[in-house]
Every structure is written in C-alpha cells, then in structure tokens.
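Enquirer: Could you look at this predicted model? Sequence included:
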Amino acid sequence: MESRVGFSREEINGTTWEVPDKYICLKQIGTGAYGSVCSAINNKSKEMAAIKKLHRPFQSEIFAKRAYRELRLLKHMKHENVIGLLDVFTPASRLDDFQDFYLVMPYMFTDLSKVKGLLTEDRIQFLVYQMLCGLKDLKPGNLAVNQDCELKILDFGLARHTEAEMTGYVVTRWYRAPEAKSYVSSLPLYPRKDFSALFPRASKKAVELLEKMLVLDPDNRLTADGALAHSYFDGLRDPEDWPEPTPYDDSYDNATLPLEEWKRLSFKEVRSFVPF
Ligand SMILES: Cc1cn(-c2cccc(C(=O)Nc3ccc(Oc4ccncc4)cc3)c2)cn1
C-alpha cells in the first residue's frame, strides 16, 4: 500500500515507521512492551527530536486506554521542565484507517544517572531548581537532561533493552516517594546522619535545604514551593519558571470504554493537536 502523501516509510528493527518527510535520520534509541523510540532530525527546524511509536496501540482496550492517556498527558504538559509534545501525527487520513500514531518530543540526550558524577554545585543548584519548577504541580517521574543541563520530567514506561539501543537514551529510574508507607514503616529505625559529613563538598545552604527536603514524613517535608523559596536558590529564582498550571481533565483516567471509543478519542486528539 502506498504511503500517505508527504510521508516516508522505512523499516527499523522489524517495525515499519511511516513519518512526515521532514523527520530524517531516524535511529532506534529504545524499545519496550509499549512501543519504540527513535531519535530523528526535524529537517525544517534542524532540531533533534524523539519520536515514539506505540506498539499496536489498539490491539486491546487496555492498550488503547494507555495510548490515549499518554497522548492526553503529553499534550497537556506545557512546562519547560516537563516533557511535552512537539508534534503528533498518524499516516491515516480517516478513522477506519487509523492504526498507529507517533508522539514527537524534544530529544533528551541523557539522564541524571549518567551525568551525576560530573556535577558541580552550580549545575546541581540549576538541576534541582528545574526539578522543583517541574514538580511544583506534578508528581515526579523520570528526570531526563540534555547537553545544556536542561531537565525535563518524563515517564518512560519502556522496558530497558540492550545497552547499544539505549546509548544516549535516558534510563528508567523509578522514583518511589516514601509514601511506599508499608515498606518504609517496616524498616528499622536508624539514627539520622549528619548531612554535612555525608556531603563535605556541599555548601551550608545546600545541606540545610537537603535536611528539610529529605524528611520521611510528608507532612513535615518541604513542598516544591517551600524548597524554591529557600535561600539556596537566591539569584536563580524567576517566577516565569512556574506558570499557572492549566487543570488536567482526568475524567477518562478511570473510565472503561469500548476499544473503538478509545480509538475515536485518540484520533480526535491527534487531529486537534496544535503545536505551541
Ligand atoms: C504507559 C504510559 C506512559 N505514559 C506517559 C505519560 C506522560 C508522559 C510520558 C512520557 O514521558 N513518555 C515518553 C518519555 C520519553 C520518551 O523517550 C524519549 C527519549 C529521548 N528523549 C525524549 C524522549 C518517550 C515517551 C508517558 C502514560 N502511560
């Protein structure tokens, strides 16, 4: 079957990718149960992008609901420090041809687990500041960074595969807030460690902030807001970094709908996407 006008088709690791001509040099960087991710160059903007193709998103109701949720969440995120959508497309022109859609995001070169050994306190301050700006209104997921030390919170949901596929790709480091309560309360009580001894190269302000953030009891722990107000971020703080969040309509998150309905909703979301 011919590919859609303006689209090019190619086989990548046994999967057919049919993408608009402007996306070139596709290279697989990750694959897993839910889908695969390629790095690509947008030949118009000359920027690198990450394109995720979900694996047969409408094979079942569960897959269709999960695909719809990722599409809706990515469309909703419009914060510098949270992964968002640059583009979303489908080779299908009609609902009854609609089988696949592709999510395009800014390409995040690596993640904190790969660069943590290279961090000066200035970079740490900038990274933690960006995390808090992103977290202010979000539950943490994975933390991805690019070559300019810019951080985006994201959620992979992709199983890790061979190192070769993942080179330069961010790795899934699930964040488990202590609110994993049964597990935490089952731990023996340890005496609190002296953070200035644990982090001898950290500044006094950094240690003071850490002591207020790493508190098991969420009621006594600093919120992202509270942490951003700490003097550790004096000179970095800019209210432009935390725009008023728009409410997310999560009414479908707990809905049970027939597969065809999830498919119709996803098609509507793909067609209504407007780059911002
Ligand atoms: C099963 C499920 C996943 N989600 C979900 C929701 C919101 C965001 C993401 C996400 O970050 N997705 C994502 C993150 C990174 C990706 O890969 C890269 C790789 C390199 N640079 C940028 C993105 C691709 C998709 C995923 C909801 N349900």
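Expert: The structure has been received and is ready for your questions.

Enquirer: mind listing the strands for the stretch 1-150 of the chain?
Expert: Along the stretch 1-150 of the chain, the stretches classed as strands by DSSP state E, counting those that start in this stretch are 7-12, 15-20, 23-31, 35-42, 48-54, 87-89, 102-106, 110-111, 142-145.

Enquirer: List of residues touching the fourth one?
Expert: In this case it means strand 35-42. Contact with strand 35-42 is made by 12-13, 15, 17, 19, 22-31, 47-55, 57, 86, 104, 107, 158, 168-169, as judged by Cβ atoms under 8 Å, 6 or more residues apart in numbering. For every residue, glycine as well, the C-beta is placed using N, CA and C.

Enquirer: For the buried ones among those residues, write the corresponding PyMOL selection.
Expert: Command for PyMOL that selects the buried part of the contacts of strand 35-42, burial taken from 16 or more other Cβ atoms under 10 Å:
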select buried, resi 17+19+23+26+28+29+30+31+48+49+50+51+52+53+54+57+86+104+107+158+169
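
Enquirer: mind checking the end-to-end distance for stretch 48-65?
Expert: Criterion Cα to Cα, to the nearest Å; first-to-last residue distance in stretch 48-65 is 29 Å.

Enquirer: any bit of that stretch sitting next to the ligand?
Expert: Yes - using Cβ under 6 Å from any ligand atom, stretch 48-65 reaches the ligand at Ala50, Lys52.

Enquirer: avg pLDDT for that stretch?
Expert: Mean pLDDT, computed over stretch 48-65, is 96.

Enquirer: Any buried residues in stretch 108-116, and which?
Expert: Met108, Phe109, Thr110, Asp111, Leu112.

Enquirer: Are it and the ligand in contact anywhere?
Expert: Yes - Stretch 108-116 is in contact with the ligand by Cβ under 6 Å from any ligand atom, via Met108.

Enquirer: From the chain's centroid, how far away is that stretch?
Expert: Relative to its chain's centre, stretch 108-116 lies at 13 Å (Cα atoms, centre = their mean, to the nearest Å).

Enquirer: again, but for stretch 262-271
Expert: 21 Å.

Enquirer: Other residues contacting it?
Expert: Outside stretch 262-271, the residues that touch it by Cβ under 8 Å, 6+ apart are 57-58, 61, 64-65, 67-68, 71-72, 75, 88-90, 92, 95, 98, 101, 252, 257.

Enquirer: CA atoms only for that stretch - export them in PDB, please.
Expert: Only the C-alpha atoms of stretch 262-271 are listed here, as PDB (Å, rounded to 0.1, in the frame of the first residue of the first chain):
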ATOM      1  CA  TRP A 262     -10.700   4.900  22.900                       C
ATOM      2  CA  LYS A 263      -9.600   4.800  19.200                       C
ATOM      3  CA  ARG A 264     -12.100   7.500  18.200                       C
ATOM      4  CA  LEU A 265     -11.000   9.700  21.200                       C
ATOM      5  CA  SER A 266      -7.300   9.200  20.300                       C
ATOM      6  CA  PHE A 267      -8.000  10.100  16.600                       C
ATOM      7  CA  LYS A 268      -9.800  13.300  17.700                       C
ATOM      8  CA  GLU A 269      -6.800  14.200  20.000                       C
ATOM      9  CA  VAL A 270      -4.300  13.600  17.200                       C
ATOM     10  CA  ARG A 271      -6.200  15.600  14.700                       C
END
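
Enquirer: Just the pLDDT for Ala159.
Expert: At Ala159, pLDDT is 35.

Enquirer: repeat for Cys149
Expert: Reported pLDDT for Cys149: 84.

Enquirer: what does Ser3 give?
Expert: Model confidence at Ser3 (pLDDT) stands at 82.

Enquirer: List the residues that contact it.
Expert: Neighbouring residues of Ser3 by Cβ under 8 Å, 6+ apart: Arg9, Glu18, Pro91.
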